[in-house]
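>>> A predicted structure for the sequence below; I have some questions about it.
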Amino acid sequence: MAKSGKKKQKGGDPDRIATNRRAHHDYEIVDTLEAGLQLVGPEVKSLRAGHVTVGDAYVAFRKGEAWLMNLHITPYEQAGRANASPTRDRKLLMHAREIGRWASKVQEKGLTVIPLNLHWKDGRAKAEIALVRGKRSYDKRHAIREREEGRDLDRAMRRGRR
């Protein structure tokens, strides 16, 4: 029996590289989009090993281009001098009309763009980016309260079935 080429990862998608776990807690997501990442060779090897931190990353728009800032990719040990700076700015590969539309929304409405996750698609590194609005502390408390009420309701329903 032949094995599939993909490895099983504990608890999740085998193509997922990293996830911004705080994004849904800290931000209200308005819109999402998938964009390619322009990387150098050793960075790809490091991504395959899962040595990346997405938490502080954000997207900036400069001169009609989208740049992923503060994404920390740990240098690949076997690369030697070929390694780039771990937090260098990386270009996002998006259509010009998408860049223009999102850049105008960020300027007008005070929204920001952050990466939700990094993943592989057809052997290429992709970033799922989101147009987001920051949540206030009372919004966070409200979301936590709703989640807890939902859990309590589920528990009550399970008890009622017995």
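That came in fine, so what should we check first?

>>> From the chain's centroid, how far away is the lengthiest helix in the chain?
Using DSSP state H to define each element, the chain has its longest helix at helix 137-161. Its chain's C-alpha centre and that of helix 137-161 lie 27 Å apart, by Cα atoms, centre = their mean, to the nearest Å.

>>> Packing partners of it?
Packing partners of helix 137-161 (3 or more Cβ pairs under 8 Å, 6 or more residues apart in numbering; DSSP states H and E): helix 23-26. Glycine gets a C-beta too; all of them are placed from N, C-alpha and C.

>>> Please enumerate the strands of the chain.
16-19, 27-37, 52-53, 58-62, 65-69, 72-73, 90-93, 112-121, 124-134 (DSSP state E).

>>> that older thread, between the longest helix of the chain and strand 27-37, how many degrees?
Angle of helix 137-161 versus strand 27-37, following axes from the mean of the first three to the mean of the last three Cα atoms, to 10 degrees, is 100 degrees.

>>> quick one, what contacts Ile99?
By Cβ atoms under 8 Å, 6 or more residues apart in numbering, the contact list for Ile99 reads 61, 64-66.

>>> Distance of it relative to Leu33?
In this view, Ile99 and Leu33 are 10 Å apart by Cβ to Cβ, to the nearest Å.

>>> Could you do Asn83 as well?
Look at Asn83 and Leu33: by Cβ to Cβ, they are 29 Å apart.

>>> what about stretch 120-128, how long is it end to end?
Stretch 120-128 has an end-to-end distance of 11 Å (Cα to Cα, to the nearest Å).

>>> avg pLDDT for it?
Mean pLDDT, stretch 120-128: 89.

>>> Tell me the buried residues in it?
120, 125-128 (16 or more other Cβ atoms under 10 Å).

>>> cool, stretch 49-59 as well?
Buried-residue list, stretch 49-59, by 16+ other Cβ under 10 Å: 51-52, 54, 57, 59.

>>> so which of those residues comes closest to Ala23?
Ranked by distance to Ala23 (Cβ to Cβ), the buried residues of stretch 49-59 are led by Val54 at 8.7 Å.

>>> Next, the closest one: phi, psi?
Main-chain dihedrals, Val54, degrees, to the nearest 10: phi -100, psi -20.

>>> From what I see, it and Ile129 are in contact.
No. Contact criterion Cβ atoms under 8 Å: Val54 and Ile129 do not qualify, at 10.8 Å.

>>> Perfect, that will be all.
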